[in-house]
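S.K.: quick one, fold the following:
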Amino acid sequence: ASVVQGGIWFNGGYDIKALATAAPGDRIPRTDWGVYKSFTPRLDEEKTQRKGEPSYRKYENPIGQLREFFMPVVPAVFANAIYNKHGINPTTAERQSGLYYVALKYNLPIVITEGAKKTMASLSQGYVTIGMQGVNALYRARDDEGNRLPERVFNESFACWATPGRQITFAFDADSREASIVAVRRAFVHSVELLQQRGCDIKVAAWLPEQGKGLDDLIVKSGAAAYEKALKTAQPPDAAIDVHYTWEYERVAAKFTNPTDDAIYAEMLSTNPQDAERVLRQSDRVRTLKDPVLVQKYIEEIASSKVEAIVEAQPPVQRDTKRVLDKPVVAKVAPNALIMAGVDLVFFNDGKRQPDGSEVAEGQRWRFERDGGHLKISLQKTGEVAYEVRDDIVVNRTGEAALRTRMEELRQMAIQMKIAQANARATAEPEQGQRAGRRR
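M.R.: A predicted model of the protein is given here:
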């Protein structure tokens, strides 16, 4: 019914496999693959059941066809402008084979984005752009039966573009939802690692969500100059990679009442072994080791230990992850701290959980306050403070740097928590007013 009532068909454009083997002057065949955007999208039953609310299929894909890449046919006037911008003069035969053939053979920089509309929007501004149907289109992490592969497998149909020295800029959406940010960042990091292994020079373009979500929104809402600026100021992916694996470390650490590097490494080996070492490198211990030789030695020691026994000794705590505001932030106070020795704090958005994951007793709540310019975080009981952490806590020299780093993370978590609480109050007040009006 959604097809009968109309929509837009986005053809994928050039066949990427034929493009990789073409010769100058060849007419590159078009792919049969594409996506359909219905004016009356149908209900996605699987997502609806998972989310508990109606969810509709924004795009439809051909049944039985593997997803390919968007490389639309570009008019000569646009292609010539791109050639001039890069200072190249392709032969007549090369021009006959199209923009993507020339970009491939001349190793031109490319932009990678998601979706057909964004691909064409970026092309219209003079950038060779390849669109993906899904942010993880450059690799596979599971086999056809859904089992996790030992290593992520690069999408070999894209291998012709992953050439040494080619500059590739990712221009993904500027999401504001945390779940989307985490998912896109994970796919981006995994894609980048595979491309860097092949010698590509990777950059990531960024802009503020209020400027527009996708690059097409950015161009419409903030102007073509805003998109051009985002590409010119694109940064290397190092920061995003570090954030991703730090988040992964904290996510795994939150499963344990007393997280240790041994336990975290063992958990990674059982769930995601290909990232175990990368995640371990985000631990406090590794971060305090400045000498790369010492870092590698420490990692090898952890990897060679009998980690299975450690995991059995520290079973994961079953926590309600839906309660978490951003992500569980675990503050590991230095063992030689003068107060709170050995205590781990896990902060939840509603303040109703103890560090061990159990419910907080009646009358107890997490409290955040400023005290003499310092952040004080405490679990309030009636007439007493159960736990207290201050960012100026007195500790011995050993572990001080790691502790102060954790205190800064706690400060940022507290700020996010306060914002969420304020938003929740602002939402609740009109609803309470409406209920009171109905009662009257």
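
S.K.: contacts only, for the closest residue to Leu138 other than its chain neighbours.
M.R.: Counting by CB to CB, 6 or more residues apart in numbering, Leu138 lies nearest to Ser191, which is 4.3 Å off, once chain neighbours are set aside. Every C-beta, even on glycine, is put in place using the N, C-alpha and C of the backbone. Counting by CB atoms under 8 Å, 6 or more residues apart in numbering, Ser191 touches Val135, Asn136, Leu138, Tyr139, Phe170.

S.K.: confirm that Ser191 sits in a strand.
M.R.: No. Counting by DSSP: H, G, I helix; E, B strand; the rest coil, Ser191 is not found in a strand; it is helix.

S.K.: distance check, it against Ala230.
M.R.: To Ala230, Ser191 is 19 Å away according to CB to CB, to the nearest Å.

S.K.: once you drop chain neighbours, what's closest to Val35?
M.R.: Tyr59 (4.5 Å).

S.K.: where's the one you found relative to Lys117, distance?
M.R.: Tyr59 is 10 Å from Lys117, where distance means CB to CB.

S.K.: same check on Ala179?
M.R.: According to CB to CB, Ala179 and Lys117 sit 23 Å apart.

S.K.: compare these two (neighbour count), which wins?
M.R.: Neighbour count, other CB atoms under 10 Å: between Ala179 and Lys117, Lys117 has more, with 18 against 8.

S.K.: residues touching the more buried one, list them.
M.R.: Counted by CB under 8 Å, 6+ apart, Lys117 has contacts Phe10, Gly214, Asp216.

S.K.: out of these, flag the one nearest to Ile16.
M.R.: Sorting these by distance to Ile16 puts Phe10 at the head of the list, at 15.6 Å, by CB to CB.

S.K.: quick check: phi and psi on the closest one?
M.R.: Backbone geometry at Phe10, expressed as degrees, to the nearest 10, gives phi -110, psi 110.

S.K.: so is Phe239 in a helix, a strand, or just coil?
M.R.: Careful, residue 239 is Ala; it's not Phe. Following three-state DSSP, Ala239 is assigned to helix.

S.K.: what segments of the stretch 51-200 of the chain are strands?
M.R.: With strands called from DSSP state E, counting those that start in this stretch, the stretch 51-200 of the chain shows them at 69-70, 110-114, 129-132, 139-142, 148-154, 167-170.

S.K.: got TSV for the ones you listed, with mean pLDDT, mean neighbour count and distance to Gln49 too?
M.R.: Below are the strands of the stretch 51-200 of the chain laid out as TSV (pLDDT from 0 to 100; neighbours: other CB atoms under 10 Å; distance: least, CB to CB, whole Å):
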stretch	mean pLDDT	mean neighbour count	distance to Gln49
strand 69-70	94	26	30
strand 110-114	96	24	25
strand 129-132	95	25	27
strand 139-142	86	14	21
strand 148-154	83	13	24
strand 167-170	97	20	32
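
S.K.: and those as TSV, adding distance to Val220?
M.R.: As requested, these are exported to TSV (distance: least, CB to CB, whole Å):
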stretch	distance to Val220
strand 69-70	19
strand 110-114	15
strand 129-132	16
strand 139-142	31
strand 148-154	34
strand 167-170	20
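
S.K.: who touches the residue lying closest to Ala121 once chain neighbours are set aside in this structure?
M.R.: Closest residue in space to Ala121, ignoring its immediate chain neighbours: Asp216 at 3.9 Å, by CB to CB, 6+ apart. With contact taken as CB under 8 Å, 6+ apart, Asp216 is in contact with Lys117, Lys118, Ala121.

S.K.: so, low pLDDT: which residues of this protein?
M.R.: 1-5, 64, 305-422, 424-426, 428-440 (pLDDT under 70).

S.K.: try 80
M.R.: For the chain, the stretches with pLDDT under 80 are 1-6, 50-52, 61-67, 143-148, 150, 176-179, 258, 270-271, 290, 303-440.

S.K.: hang on, the earlier thing: return the subset of the contacts of Asp216 lying in helices.
M.R.: Members of these lying in helices (criterion: DSSP state H): Lys117, Lys118, Ala121.

S.K.: ok, back up a step: which SS class is the residue nearest to Ala121?
M.R.: helix.
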